[in-house]
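**Q** My questions are about this predicted structure, shown below with the sequence.
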Amino acid sequence: MPNFCCKILANFTAMEQEKIDNFTEKLKTAFNEGNLVKLTLSKLRAKENDLQKITITPVRLKAGLKVNFVYSYKKRDITKNYSLDESLDLIKNGLAEDFLSADMYIVGENVKLLIDKKNVAKLLIKKIDLPKPVSLNHNRIKERAIVTQDNIWLREVGITNAAWQVKHEMKDKYLQINRYIELLQPEIERLEKKDHLTVVDMGSGKGYLTFALYQHLTNSYYKNINMKGVEYRPDLVDICNRIATKAGFENLEFLQGTIENTQFADPDILIALHACDTATDDAIFRGISQNASLIVCAPCCHKQIRKAMKVENEFSSVLKHGILEERQAELLTDGLRALIMEVFGYKTRVFEFISSEHTSKNIMIVGRKVGINEARKAKVLEEITAVKRLFGIERHYLEDLLNM
């Protein structure tokens, strides 16, 4: 854990140090006036650092008003409370040693401090309509991206009752919806800002996550958005369209169709959650071929690779057990999908979407279009070949779709 001894920030010029001081002075003033909402330190200087980000918020304890730090590591979170002076020292040290970005939300303003690899700092201040925090209590109820009060679509899909309270049997679903938005939010924030956003949700089902994302995007990021939910079952399409009309979601439309045959304009974001077996590959193919900026998949079933595996090495004695063969096939299927997406210029992340206690189909693959140079592309193609050779796999279905 970082100590409190404030190091001399000799790697910053006087001009850059002044920007950092201005940032921390704004933080100090906002904290003392009760206007600080949240501060996030992110964008690592060193990729191998186990500490990923620090989330900083005010909190009221028995000992008085403190600053709460949540240290987010790759596999765990650690929470600590500090005084304001200690916090300012830790933040300065964090910017000098670990992080290149500080994103602060205070009442009426978003203040960003961005530092490049040469330690040139940029201070950006944007006026926003952000209210004063309602409560600073340590045990306050966690704020959700999707609020329940007067939220028509939540009531219509059966998550809340007439009093806008989450039904007991729907609490897990409500948490899942908010977790989904929480996971996608940083990826959406990294997209190039545009006046118009097009989103396609393949296999939208009952529309829980489609409605949630549309509402979040229109409330937080984009006023001009066009979103399509594609679902094969016509009864669900009709129901979802009626709910969208009731909720006033003018630019959300549900279409009857499949991933392969539904026609839509090139999307900025393409989503396919729980598309079974190679339907996930069909969705990834649509996203890549239509140059989507963001592809989001939660795969379901992994039959193609399991049937294709012909292991004739030391792994064969392990994979003779059916359950282990099945799990290995799942890992290979999704791992190869992520590598293939990287070949086509997508920076990929694979992570747990829903806790395994709720469902075993809990992996999400997210790819953001960033481009790739020829040297890296060649290396990734070698990695794909090596993995397939190790497990006796001739082709991945996604390779065939993309003519690799």
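**A** In hand now; what should we look at?
**Q** list the helices and strands the one helix or strand Leu41 maps to packs on?
**A** Using DSSP states H and E, Leu41 maps to strand 36-44. Applying 3 or more CB pairs under 8 Å, 6 or more residues apart in numbering; DSSP states H and E, we find strand 36-44 packed against helix 14-32, strand 51-61, helix 84-97, strand 99-106. Bear in mind the C-beta positions are built from the backbone N, C-alpha and C, glycine included.
**Q** Looking at the ones you listed, which is nearest to Asp195?
**A** Of all these, it is strand 99-106 that lies closest to Asp195, at 22.8 Å by CB to CB.
**Q** May I see the buried residues of that closest one?
**A** Neighbour counts over strand 99-106 (16 or more other CB atoms under 10 Å) mark Phe99, Leu100, Ala102, Asp103, Met104, Tyr105, Ile106 as buried.
**Q** Pick out the most distant pair among the residues you listed.
**A** Maximum distance among those (CB to CB): 20.7 Å, for Leu100 and Ile106.
**Q** on that earlier part again, CSV for the helices and strands packed on strand 36-44, including distance to Lys320 and mean pLDDT?
**A** Listed next are the helices and strands packed on strand 36-44 as CSV, based on distance: least, CB to CB, whole Å; pLDDT from 0 to 100:
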stretch, distance to Lys320, mean pLDDT
helix 14-32, 59, 88
strand 51-61, 38, 87
helix 84-97, 49, 90
strand 99-106, 48, 91
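**Q** export these to a markdown table and tack on distance to Phe353?
**A** Formatted as a markdown table, these follow (distance: least, CB to CB, whole Å):
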| stretch | distance to Phe353 |
| --- | --- |
| helix 14-32 | 33 |
| strand 51-61 | 18 |
| helix 84-97 | 29 |
| strand 99-106 | 24 |
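**Q** Mind jotting down where the helices sit in this structure?
**A** Using DSSP state H, the helices of the chain run over 14-32, 84-97, 152-156, 171-190, 208-220, 234-247, 279-289, 303-308, 322-343, 374-390, 397-401.
**Q** Find the one among those helices with the highest mean neighbour count.
**A** helix 279-289 (a mean of 23; mean count of other CB atoms under 10 Å).
**Q** excluding its backbone neighbours, what's nearest Val370?
**A** Lys347 (4.7 Å; CB to CB, 6 or more residues apart in numbering).
**Q** is it true that the one you found touches Arg368?
**A** Yes - using CB atoms under 8 Å, Lys347 is in contact with Arg368, at 5.1 Å.
**Q** out of those two, which sits in the busier spot?
**A** Comparing Lys347 with Arg368 by other CB atoms under 10 Å, the one with more neighbours is Arg368, at 20 against 16.
**Q** who's in contact with Tyr73?
**A** Asp50, Leu51, Gln52 (CB atoms under 8 Å, 6 or more residues apart in numbering).
**Q** of those, buried ones?
**A** The buried subset of the contacts of Tyr73 (16+ other CB under 10 Å) comprises Leu51, Gln52.
**Q** Please report the distance of the residue lying farthest from the centre of the chain from Gln304.
**A** The C-alpha centroid of the chain is most remote from Glu312, which lies 38.4 Å away (CA atoms, centre = their mean). According to CB to CB, to the nearest Å, Glu312 stands 19 Å off from Gln304.
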